[in-house]
Structure formats: C-alpha cells, structure tokens
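**Q** predicted structure and sequence below. I'll ask about it afterward.
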Amino acid sequence: MRWIAIALASVALIAAACGGSGPTQPSGSTKVVMTEFKFDPGDITVPHGKVVLWLVNAGSTQHDLAIRNQSGSTIATSELVSAGDSKEFDVDNLAAGSYTIYCTQPGHEASGMKGTLTVT
C-alpha cells in the first residue's frame, strides 16, 4: 500500500513539473485577446523593430492576426490559434507607421475583427 502512495505522489509531481496550464506570456510581449469578432485591445502601440504579440483566443472558433500596411499589402500573418489556445507571434523589423490588424478567416474582418497597430 505504501509503494502505491509513493508512486501516485511521484506521478503527481511529474505532472506538475510538466506544466499543464499551457504556455505563458513571454516577457516584453503585447497581449491581444481574440474573440468573435474583435481584438482586445483594438488599438495597439508598440516600438519599432521586433514586435512580439501574445495572441490569446478566448473565442469559440479559430482566429489569426494579420498585419496590412498602408498600401493594402499583408506583410505578416500569425498561425491560426484554436479556441482556448495562445501563441506567440513575432514580426521582425517592423518600421514605424500605422498598420491595420485583422483576422483572415472568412467573414471575420467584415464582422469587425480589425484594429490599428501603431509602431513608434
């Protein structure tokens, strides 16, 4: 009986060491929560250079975040983030300026899932 208790305690310690609570927000990143159909915050300001966004999908469907420049060209798009998941999205060498952020999933941008990224 005693060895069973020791084995169960060992399994619990191993499980706790593995995490289980999912990834954590990277230091220095900007958190963006995605839901149907908006980004929170919708207006983001970051310094130029490498931009690190922490995308948290609090919605019930997949979302992503794309960055479009003033010319209308998409310059970066994150991976799809499943409902309940979080992902880091890095964009290197983003020049100062104003950009549009939006979700590329069909109908999401038209439903209001867009905002502004200001790079200073």
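**A** Here it is on my side, so go on.
**Q** which secondary structure elements does the helix or strand hosting residue 88 contact?
**A** In this structure, residue 88 sits in strand 86-94 according to DSSP states H and E. Other helices and strands packing on strand 86-94, by 3 or more CB pairs under 8 Å, 6 or more residues apart in numbering; DSSP states H and E, are strand 49-57, strand 74-77. All C-beta spots, glycine's among them, are computed from the backbone N, C-alpha and C.
**Q** out of those strands, deepest packed?
**A** strand 49-57 (a mean of 18; mean count of other CB atoms under 10 Å).
**Q** can you list the buried residues in the one helix or strand residue 117 maps to?
**A** Residue 117 belongs to strand 114-119 when assigned by DSSP H and E. Within strand 114-119, the residues that count as buried by 16 or more other CB atoms under 10 Å are 114, 115, 117, 119.
**Q** do the same with stretch 69-85
**A** Buried-residue list, stretch 69-85, by 16+ other CB under 10 Å: 76, 77, 78, 80, 81.
**Q** distance from that stretch to the middle of the chain?
**A** Remark: stretch 69-85 is offset 10 Å from the chain centroid, using CA atoms, centre = their mean, to the nearest Å.
**Q** residue ranges for the helices of the protein, please.
**A** 2-17 (DSSP state H).
**Q** residue nearest the centroid of it?
**A** residue 55 (1.0 Å; CA atoms, centre = their mean).
**Q** distance of it relative to residue 72?
**A** Distance, residue 55 to residue 72, by CB to CB, to the nearest Å: 23 Å.
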